[in-house]
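Novice: okay, here's the prediction I keep looking at, along with the sequence it came from:
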Amino acid sequence: MSSSSFPTEPERKAEQESLGSLMSQVSDDLSTLIRQETALAKAELSETAKKSGKGAGMFGGAGIAGHFVLLFLSIALWAGIGATDLGHAWSAVIVAVVWAIVAAVLAVLGKKTLDEVQGAPQTAETLKEVPDALTPTKETR
């Protein structure tokens, strides 16, 4: 005997139920699948957001710690230069000028980097085309 003589479960179901009933079941199954996938995506995004927030907090803490390192190194430099014949006032000016130069260089580099950013060029181009796509052409009137 061949296995084709016995109908499979889906074949029996197709013979016994109406097309509308089968389509309703497919629609229900699809709705359930979409709800489950949405719930999974929410859970994954929630977990990712928690980990990202924790990492960002750690970077913030590292930035504060780095700031204190620079502060105390600057104080040490000021004290070291101040121990010479220049005195503490001039050594403070020297340290301030060094930091002003660092700030100016970082500002110029930051501005240059921001000027190079184009945003989302493909999205902007697509948005420019949308009004043309919605406007009927002379041939379609």
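Specialist: Alright, I've got the coordinates. Numbers count the residues shown, from 1 in each chain.

Novice: helices and strands of this structure: which one has the lowest mean pLDDT?
Specialist: Counting by mean pLDDT, DSSP states H and E, the weakest-scoring helix or strand in the chain turns out to be helix 121-134, with a mean of 66.

Novice: and the longest helix along the chain, what does it pack onto?
Specialist: Ranked by residue count and defined by DSSP state H, the top helix of the chain is helix 19-82. Using 3 or more CB pairs under 8 Å, 6 or more residues apart in numbering; DSSP states H and E, the elements in contact with helix 19-82 are helix 87-116. Any C-beta I mention is one placed from the backbone N, CA and C, and that applies to glycine too.

Novice: distance from the chain centre to the helix it packs on, please.
Specialist: Chain-centre distance of helix 87-116: 31 Å, with CA atoms, centre = their mean, to the nearest Å.

Novice: that one: which residues count as buried?
Specialist: Residues 91-92, 95 are the ones in helix 87-116 that count as buried (16 or more other CB atoms under 10 Å).

Novice: ok, now stretch 68-84?
Specialist: Buried residues in stretch 68-84, counted by 16+ other CB under 10 Å: 78, 81-82.

Novice: tell me the mean pLDDT over the longest helix of the chain?
Specialist: The average pLDDT for helix 19-82 rounds to 90.

Novice: could you check the angle it makes with helix 87-116?
Specialist: Here helix 19-82 points in a direction 150 degrees away from that of helix 87-116 (axes from the mean of the first three to the mean of the last three CA atoms, to 10 degrees).

Novice: run the chain-centre distance for helix 19-82.
Specialist: Relative to its chain's centre, helix 19-82 lies at 9 Å (CA atoms, centre = their mean).

Novice: right, I'll leave it there.
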